[in-house]
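Colleague: coords please:
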Amino acid sequence: MKQEELSTPYCDKCAIERGSIFKYLSAEEINMLNFEKEFRQFKRGEILYHERSRISGFYCIHSGIIKVFKTGLDGKEQIIRFARPGDIIAYRSILSNEPACTSAKVIEDCRVCFIPSEILINLVKSNSNFAFELLKLACRELGEANSYITDIAQKTVRERLAEILLLLINDFGLDFQNYLQISLTREELSNIVGTATESVIRLLSEFKADNLLELNGRKIKILDKKGLEKISKVFG
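Modeller: Got it, this is the predicted structure:
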């Protein structure tokens with residue numbers, strides 16, 4: 001790995017390039033953040049933190065992808081969301097002073113900055129703009145969770161899978177060959193949709209037969225986005 005890839009990223013540069021919430025900090029606060037944070041690297045499959053554990057800080061994602069999930073009584077994961085560059089995770093447990101309500105696992109090698117809890121608390125107390133943006137972020141995530149609960153109750157598994165594929169397109173985009181720029185196992189897809197892995201495998205085969213997509217291992221090529229929209233009833 002090249003030396004520049006190992007160097008700790010500067011928060012002011014990341015805030016601008018990735019649009020992170022830290023763009024609302026002053027130059028003095030950014031300098032403090034650069035001094036206090038700890039730079040960490042994780043490989044696919046590694047866990048950043050477990051639910052019900054006490055965490056001493058939160059994470060800002062510099063590169064890679066992390067899945068945030070809860071574990072059911074049967075041990076099955078329910079993926080809540082994916083954290084991408086510029087996102088922060090584990091901050092709500094700090095604000096509420098409660099154990100972590102989710103777990104976080106790397107699905108694409110990542111580089112993150114770990115920021116101590118007291119830094120977040122102090123920033124919320126001293127910077128009203130930052131506090132307001134953090135509140136909006138928490139409300140947005142709550143709104144997404146509410147939408148997901150509604151979908152689980154009112155949509156079929158087929159409709160939910162189509163909607164999840166559209167959300168992945170929106171969040172991660174397609175490459176020049178129209179492949180999703182995120183690679184997920186069938187189990188991970190089922191853990192987002194909220195169904196059995198066998199159901200996702202069967203539905204993907206149906207989508208393939210209907211010329212909506214192509215499958216190449218874990219890679220998914222989108223052939224008919226409008227067809228997925230029609231199935232998902234996103235706009236209807």
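
Colleague: Pull the distance from the top helix by length along the chain to the chain's centre.
Modeller: The longest helix of the chain (DSSP state H) is helix 128-154. Mean-position distance between helix 128-154 and its chain equals 13 Å (CA atoms, centre = their mean, to the nearest Å).

Colleague: Stretch 88-103: which residues count as buried?
Modeller: Using 16 or more other CB atoms under 10 Å as the burial criterion, the residues of stretch 88-103 that qualify are 88, 89, 90, 91, 92, 93, 94, 95, 100, 102, 103. Where you see a C-beta, it was placed from the backbone N, CA and C, and this is true even at glycine.

Colleague: and the end-to-end length of that stretch?
Modeller: Here the two ends of stretch 88-103 are set 14 Å apart, with distance taken as CA to CA, to the nearest Å.

Colleague: So in terms of bridging, what pairs with the residue nearest to the spatial centre of the chain?
Modeller: Against the mean C-alpha coordinate of the chain, by CA atoms, centre = their mean, the closest residue is residue 82 at 1.7 Å. Applying DSSP bridges to residue 82 gives these bridge partners: residue 67.

Colleague: I'd guessed it sits against residue 66; true?
Modeller: Yes: between residue 82 and residue 66 there is a contact at 7.0 Å, judged by CB atoms under 8 Å.

Colleague: Show me the common contact partners of the two, please.
Modeller: Both residue 82 and residue 66 are contacted by residue 107, under the criterion CB atoms under 8 Å, 6 or more residues apart in numbering.

Colleague: low pLDDT regions in this structure?
Modeller: Scanning the chain for pLDDT under 70 picks out 1-7, 234-236.

Colleague: where along it do the strands fall?
Modeller: Under the criterion DSSP state E, the chain contains strands at 38-42, 47-49, 57-71, 77-83, 88-89, 103-116, 213-216, 219-222.

Colleague: between those strands, which gets nearest to residue 162?
Modeller: strand 213-216 (10.0 Å; CB to CB).

Colleague: Parallel or antiparallel, list what pairs with that closest one.
Modeller: By DSSP bridges, strand 213-216 pairs with strand 219-222 (antiparallel).

Colleague: and the strand it pairs with, which residues are buried?
Modeller: 220, 222.

Colleague: contacts for that strand?
Modeller: 165, 169, 174, 177-180, 183, 204, 212-215, 228.

Colleague: Please pick the buried ones from those residues.
Modeller: Using 16+ other CB under 10 Å, the buried ones in these are 165, 169, 179, 180, 183, 204, 212, 213, 228.

Colleague: so the first one sits right up against residue 213, yeah?
Modeller: Yes: with the criterion set as CB under 8 Å, residue 165 and residue 213 qualify as a contacting pair; they are 7.5 Å apart.

Colleague: any common contacting residues for these two?
Modeller: In contact with both residue 165 and residue 213: 220, 222, 228, using CB under 8 Å, 6+ apart.

Colleague: what's the closest non-adjacent residue to residue 64?
Modeller: In space, and not counting its chain neighbours, residue 64 is closest to residue 110: 2.5 Å by CB to CB, 6 or more residues apart in numbering.

Colleague: Ok, residue 215 next?
Modeller: Using CB to CB, 6+ apart, the closest residue to residue 215 is residue 208 (5.8 Å).

Colleague: State the distance from that neighbour to residue 48.
Modeller: For residue 208, the distance to residue 48 equals 34 Å [CB to CB, to the nearest Å].

Colleague: for residue 112, same thing?
Modeller: Taking CB to CB, one finds residue 112 at 7 Å from residue 48.
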